[in-house]
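Undergrad: just coords:
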């Protein structure tokens, strides 16, 4: 089967490029003595998670219990839910996952921690606990090293729980691309202060987990961190390429589309809009400054972009292109942000050159709970 | 089963409110002698399509062949694909739909039209043809009445095709809320000019299809239009309420969420981000002018909003709220734009008061092809 046999829109994965991405970061982690636990939210496909583990990852990260269920059912071992798991229904499902494989989970509240301890005791399982800290992104996470120590002590003395370490997420690097190294070093200082306090408190900290795709290859500059969770690196996207984190050639995931309307000069419409590409802009709000508006780069005609969209229509901005786009013509688009795009497809098609090698159902898609 | 028995995030449909929305527009259409063909992209659920038809709709509109397949399989008759269907693979699937029920389809190119004629002859079926015209939104659609007449003539003389009429979509009203009536009247002038030319050319025009949710109740002001396709009216959303097209009380669809993190004053995080709400802003780009930033209205605390998001985290903007949000607390959110939210869930839960009445699989979800 060839790419030309596929209907559109279709999510294509260039397997050679993906494998290059996987091995490049695995090699970096090995070189620097970092353990790698990729966030699988980017691909949501167990077969790709297994490839990451074969390349050296110690396990995976996920956001939702539903994703952990899918990955455990596919034989993935050692799963970290890098998200506060709140509510009896979810915690009981997490106990079912913990019956199959080792499970770690983030906490940033006493309520969440105590409930997990209750669930673990009731269900006869163990949860490894990582205290989430806010390192500047201002999302979830306790605000200070002292608060982290308090929660860690509580975890260490709660039956059914095993305190394992701390977790940070440097999501704010997207907003600070001029000073990534500084952000990394500030995060390292926070981690080191916390590790010192925990040591003084007699706590055994096995893991300090950090990392994200933009900072993946400077993880060794973040003092104290010994695990990274970068996820987007497996495919990269227009955002990572725009911000210099990857090349466009390292973008493994593209969407194959068809021109369905070209009724007059300047109006060219493809069969993929926000229901396919999501409405995500280039990460970090820096699009305007970089001249990177729009919703996707046309690989065959990079002077054109997906300029604006409705749900099923992608209106190309062809003002800078001399190409005459024709109804029926096929194009491949590099989306702004690949993670939500994967979540909008039911399957992805792995290709080498123009041949279809594998079609993967996106088993972790749509796991909102 | 009660709402309190459900895990989060869950998509809730208030059935009383939805039924009120369905009947209000059906009554309007009856009063004004308009036929109604709701776009089912908003709900993607055959059972709701059947309710719309029982209330008086003549059939439905969809965007993709995959949606038509789902609706035909659920016994919906008379399906209009309000989208150019390009490519042999899709047209052959459309012929399978036409073997089950009457099918109409949009065209705005000779290439698309001729291919449909070829498919119809080869497969032994008939497609009803509606010529799509651009009435100012600058999406798909032929640019002039003369171009519409040319395409209509070609359809009328193509074996396998039956020319049925014209179609316009006033999507640009979102950008022109100060002058909706003017936009409606301009569209009416275009439609009348086209109908006159078609009459002169001896063409029989059975349908002039228009309408959208913002202009639904002024459809009788658009000269020549005898069918409307409004879809969002079934649920409405924060965009329609913000722009005065509906009340907030008419918003039938909300997302039930849980506060999962509240680590310090001012930081409150719910278990739903852009993977649940999509990244769509308030429609029309008028959010700033209306003070309507953010990604959802908290029904219980309308002074708060979903301020910013990552994929799985919704960070509430609680600066104007005196409520103390607690971990484990449940809230209901009215999303900015309901259509992409429905597409991100696998099922919706129909409720009356606090009781669960029905759980519908969203069978038309994710039909990208």
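TA: In hand now; what should we look at? These numbers were taken from a predicted model, which means no experiment stands behind them. Numbering: from 1, shown residues only, chains lettered A, B, ... in the order given.

Undergrad: got the contact list for residue A:65?
TA: Contacts here follow CB atoms under 8 Å, 6 or more residues apart in numbering or on different chains; on that basis residue A:65 touches A:81, A:85, A:90, A:93, A:94, A:97, A:367, A:369. For every residue, glycine as well, the C-beta is placed using N, CA and C.

Undergrad: Just these: which are in strands?
TA: residue A:81 (DSSP state E).

Undergrad: would you turn the contacts of residue A:65 into CSV with pLDDT, neighbour count and distance to residue B:32?
TA: Supplementary listing: the contacts of residue A:65 in CSV, determined by pLDDT from 0 to 100; neighbours: other CB atoms under 10 Å in any protein chain shown; distance: CB to CB, whole Å:
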residue, pLDDT, neighbour count, distance to residue B:32
A:81, 98, 22, 54
A:85, 98, 23, 53
A:90, 98, 24, 49
A:93, 98, 20, 51
A:94, 98, 24, 55
A:97, 98, 25, 56
A:367, 98, 21, 45
A:369, 98, 19, 44
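
Undergrad: from the contacts of residue A:65, which is closest to chain B?
TA: Using CB to the nearest CB, the shortest approach to chain B within the contacts of residue A:65 belongs to residue A:369, at 5.0 Å.

Undergrad: Is it correct that that closest one is in contact with residue B:11?
TA: No - with contact defined as CB atoms under 8 Å, residue A:369 does not reach residue B:11; the gap is 11.3 Å.

Undergrad: quick one, phi psi at residue A:30?
TA: Dihedral angles phi and psi of residue A:30 (degrees, to the nearest 10) take the values phi -60, psi -40.

Undergrad: Contacts only, for it.
TA: Under the criterion of CB under 8 Å, 6+ apart, the contact list for residue A:30 reads residue A:56.

Undergrad: Against residue A:60, how distant is it?
TA: Distance from residue A:30 to residue A:60, counting by CB to CB, to the nearest Å: 17 Å.

Undergrad: How far does the host helix or strand of residue A:188 sit from its chain's centre?
TA: Here residue A:188 sits within helix A:180-200, counting by DSSP states H and E. Shown here is helix A:180-200, whose average C-alpha point lies 23 Å from the average C-alpha point of the whole chain (CA atoms, centre = their mean, to the nearest Å).

Undergrad: now for the helix or strand following that helix, which elements pack on it?
TA: Tracing the chain past helix A:180-200, the next element assigned as helix or strand by DSSP H and E is strand A:207-210. Taking 3 or more CB pairs under 8 Å, 6 or more residues apart in numbering or on different chains; DSSP states H and E as the contact definition, the neighbouring helices and strands of strand A:207-210 are strand A:161-167, helix A:180-200, strand A:227-228.

Undergrad: for stretch A:199-219, how far is the first residue from the last?
TA: As for stretch A:199-219, its first-to-last residue distance stands at 22 Å under the measure CA to CA, to the nearest Å.

Undergrad: can you check stretch A:266-278 too?
TA: Chord length of stretch A:266-278, first to last residue, is 23 Å (CA to CA).

Undergrad: Identify the residue of the stretch 1-150 of chain A closest to chain B, quick one.
TA: Taking CB to the nearest CB as the measure, the point where the stretch 1-150 of chain A comes nearest chain B is residue A:140, at 3.8 Å.

Undergrad: burial measure for that residue, as a count.
TA: Under the neighbour criterion other CB atoms under 10 Å in any protein chain shown, residue A:140 is assigned a count of 27.

Undergrad: Now the residue nearest the centre of chain A: phi and psi?
TA: Taking CA atoms, centre = their mean as the criterion, residue A:231 is the residue nearest the geometric centre of chain A, at 3.7 Å. When quoted as degrees, to the nearest 10, the phi and psi of residue A:231 stand at phi -120, psi -40.

Undergrad: Quickly check: the longest strand belonging to chain A near chain B or not.
TA: The strand spanning the most residues in chain A, taking DSSP E as the definition, is strand A:253-264. Yes - using CB under 8 Å from any CB of the partner chain, we find that strand A:253-264 touches chain B at A:258, A:259, A:260, A:261, A:262, A:263, A:264.

Undergrad: Centre of the chain to that strand, how far?
TA: For strand A:253-264, the separation from the chain centroid amounts to 27 Å (computed by CA atoms, centre = their mean).

Undergrad: Okay then, goodbye and thanks.
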